[in-house]
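Asks: Based on what follows, work out the 3D shape:
(2 chains)
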There are 2 protein chains.
Amino acid sequence: MCDEMRHFKLTLAYDGTDFHGWQVQPGAETVQGRMREAIRLITGAEILPQGSGRTDAGVHALGQVASFSAATNIPVANLRAALNSRLPASIRIHAVEEVGPEFHARHSAHEKTYQYRLYRGEVTPPFFARYVTRHPWPLDEDAMRRAAGYVVGRHDFTSFAANDPDRAARLADADDPADNVREIYESRFDREGEELVYTVRGAGFLHHMVRNLVGTFLLAGKGRIAPEGVQEIMAARDRARAGATAPASGLWLISVRY
Amino acid sequence: MCDEMRHFKLTLAYDGTDFHGWQVQPGAETVQGRMREAIRLITGAEILPQGSGRTDAGVHALGQVASFSAATNIPVANLRAALNSRLPASIRIHAVEEVGPEFHARHSAHEKTYQYRLYRGEVTPPFFARYVTRHPWPLDEDAMRRAAGYVVGRHDFTSFAANDPDRAARLADADDPADNVREIYESRFDREGEELVYTVRGAGFLHHMVRNLVGTFLLAGKGRIAPEGVQEIMAARDRARAGATAPASGLWLISVRY
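Replies: Numbering: from 1, shown residues only, chains lettered A, B, ... in the order given. Below you'll find the predicted structure:
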């Protein structure tokens, strides 16, 4: 007798330092590749779990979401421990839920929250080094706060989008908007001790968008643009006008809402 | 003209995960080896900095102390940033002080504090995995607290000492007590959220002593010995009577007093 096909939603955290990002690649250590292997060992299913989105090499996740379907009779309550036993300590599944067949980690996502952590102290403790970007040099943090406010709302973010080699493929995907307009609900900087933390929440993000926004807010922090200059940069729809891509280590995918 | 010989005390932190311990070894990545290289690049001195003690592979330090002498005219205020610029992010010098020629990181140490961190939650966050030892299984934490109390005072810790291949060399060293008697000032367990943290403070420690104590307190936590059984184990002066050596990842050298 065949087991019935069941559908699972996983919430997972990972330290991205030692991975070549989420997406499976031949010969490279990736989060998706490790997840596929754990699912195969536990359920026997030869499937590639779908993530809410890719994270790049070195980017961390506190609440990435993935989905997969498998014909297995393992009780959902046992699946978390079973999968974690087959994953490296740098990837941990925090929750497993059984969902309907219509659930898809990427297509069903409504909202994502990212954070970017800048360490402002003179000496970065070794235990934080993997999880922040060091920036002990002077910054006008108030100018950065004001600059961040200008991206809230519905805007064309072409100036902050990576030149994406997979863009043609993405445009062919009906679920992915065919343009660079995105809606941002929240965009702000907060101090947490020695860390200056950027939080951004929106319906969706372009490739490298958060890191390019942070690189642009850093220009405001250094006084190289006025905070309201972010509006002009956005209007120009020109990647060359915005700041550099901030390093991966400070970026965290915090949560995905469905 | 020759610069005058000057003497320095360094306070440093490191993530021990990717090092083969403190002590320099040919062909292995060690903290002392990395420190020697940074000192050579900055001061030109070909010297081996002395640590307050060795830490084993995988053991972390929040406040290790090292000393070295060099004929250099670099202002002490610049030395921290200069050395840190030549060290990997997993080693950070937090303070540099100029001291008298009589100061020696090991011989002058009066007291050391270690902590051992047990993660008690079901799922260890990937960002803690390098810095704790996972122990989600049942433990009688109150029994562990009571067991820990029995080692306070002046005792022969032979039952908790590693079979040390360097012991003959250590015994030949006049500064190292020729027996296994040590004085412990404080030994206690505290809860910090999901972590059960053992803190031990004493005049000196034998090789593997903290990890062997924790392994023995775990026996009390599992009900395999009574808390007061620690006294018998100590009196037996027999390593085979005590618990297993707890893994390195949970151990931290917190501070050294002079």
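Asks: For the nearest residue to A:Gly221 once chain neighbours are set aside, list the residues it contacts.
Replies: Spatial nearest neighbour of A:Gly221, chain neighbours left out: A:Leu139 (3.7 Å); criterion: Cβ to Cβ, 6 or more residues apart in numbering or on different chains. For the C-beta atoms, the positions are set from N, CA and C on the backbone; glycine is no exception. Under the criterion of Cβ atoms under 8 Å, 6 or more residues apart in numbering or on different chains, the neighbours of A:Leu139 are A:120, A:196, A:218, A:221-222.
Asks: out of those residues, who's nearest B:Ala105?
Replies: A:Arg120 (30.3 Å; Cβ to Cβ).
Asks: Verify the contact between the closest one and A:Glu192 for me.
Replies: No. Using Cβ atoms under 8 Å, A:Arg120 is not in contact with A:Glu192; the gap is 10.1 Å.
Asks: What residues does the stretch 51-200 of chain A have near chain B?
Replies: Taking Cβ under 8 Å from any Cβ of the partner chain as the contact definition, the stretch 51-200 of chain A meets chain B at A:60, A:80-81, A:84, A:89-94, A:122-127, A:129-131.
Asks: of those residues, buried ones?
Replies: A:60, A:80, A:84, A:90-94, A:123-127, A:129-131 (16 or more other Cβ atoms under 10 Å in any protein chain shown).
Asks: among the residues you listed, which two are most distant?
Replies: Largest pairwise distance in those, by Cβ to Cβ, is 37.7 Å, between A:Arg80 and A:Val123.
Asks: In three-state terms, how would the residue nearest to A:Gly221 be classified?
Replies: Look at A:Leu139: counting by DSSP: H, G, I helix; E, B strand; the rest coil, its state is coil.
Asks: now do the one 5 residues further on
Replies: Local secondary structure at A:Met144 is given as helix here, using three-state DSSP.
Asks: Could you count how many residues lie near it?
Replies: 24 (other Cβ atoms under 10 Å in any protein chain shown).
Asks: Is it in contact with A:Thr216, as I believe?
Replies: No. With contact defined as Cβ under 8 Å, A:Met144 does not reach A:Thr216; the gap is 9.8 Å.
Asks: so who does the nearest residue to A:His155 once chain neighbours are set aside touch?
Replies: Using Cβ to Cβ, 6+ apart and skipping residues adjacent in sequence, the residue nearest A:His155 is A:Met234, 5.5 Å away. Neighbouring residues of A:Met234 by Cβ under 8 Å, 6+ apart: A:150-151, A:155-157, A:159-160.
Asks: Report the buried members of the residues you listed.
Replies: A:150-151, A:155, A:157, A:159-160.
Asks: Now render those as a markdown table, adding secondary structure and pLDDT.
Replies: Rendered in a markdown table, the data for the buried ones among the contacts of A:Met234 read as follows (DSSP: H, G, I helix; E, B strand; the rest coil; pLDDT from 0 to 100):
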| residue | secondary structure | pLDDT |
| --- | --- | --- |
| A:Tyr150 | coil | 98 |
| A:Val151 | coil | 98 |
| A:His155 | strand | 97 |
| A:Phe157 | coil | 97 |
| A:Ser159 | helix | 96 |
| A:Phe160 | helix | 97 |
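Asks: Other residues contacting stretch A:145-156?
Replies: By Cβ under 8 Å, 6+ apart, the list of residues contacting stretch A:145-156 reads A:157, A:179-189, A:198, A:200, A:213, A:216-217, A:220-221, A:225, A:227-231, A:234, A:237.
Asks: for stretch A:61-68, same thing?
Replies: Counting by Cβ under 8 Å, 6+ apart, A:7-14, A:16, A:22, A:31-32, A:35, A:39, A:45, A:47-52, A:55, A:94, A:99, A:103-105, A:109, A:252-256, A:258 sit against stretch A:61-68.
Asks: can you give me the helices in chain A?
Replies: For chain A, the helices defined by DSSP state H occupy A:31-43, A:76-84, A:141-149, A:167-171, A:209-221, A:229-236.
Asks: Which one, of those, ends up nearest to B:Ala71?
Replies: helix A:209-221 (40.9 Å).
Asks: which other residues reach that closest one?
Replies: Contacts for helix A:209-221 (Cβ under 8 Å, 6+ apart): A:114, A:116, A:118, A:135, A:139-141, A:143-144, A:146-148, A:151, A:157, A:159-162, A:182, A:187, A:189, A:198, A:200, A:225-227, A:229-230, A:233, A:239, A:242-248, A:250-251.
Asks: circling back: and the buried ones among the contacts of A:Met234, which is closest to A:Pro75?
Replies: Using Cβ to Cβ, the buried ones among the contacts of A:Met234 come closest to A:Pro75 at A:Phe157, 43.5 Å.
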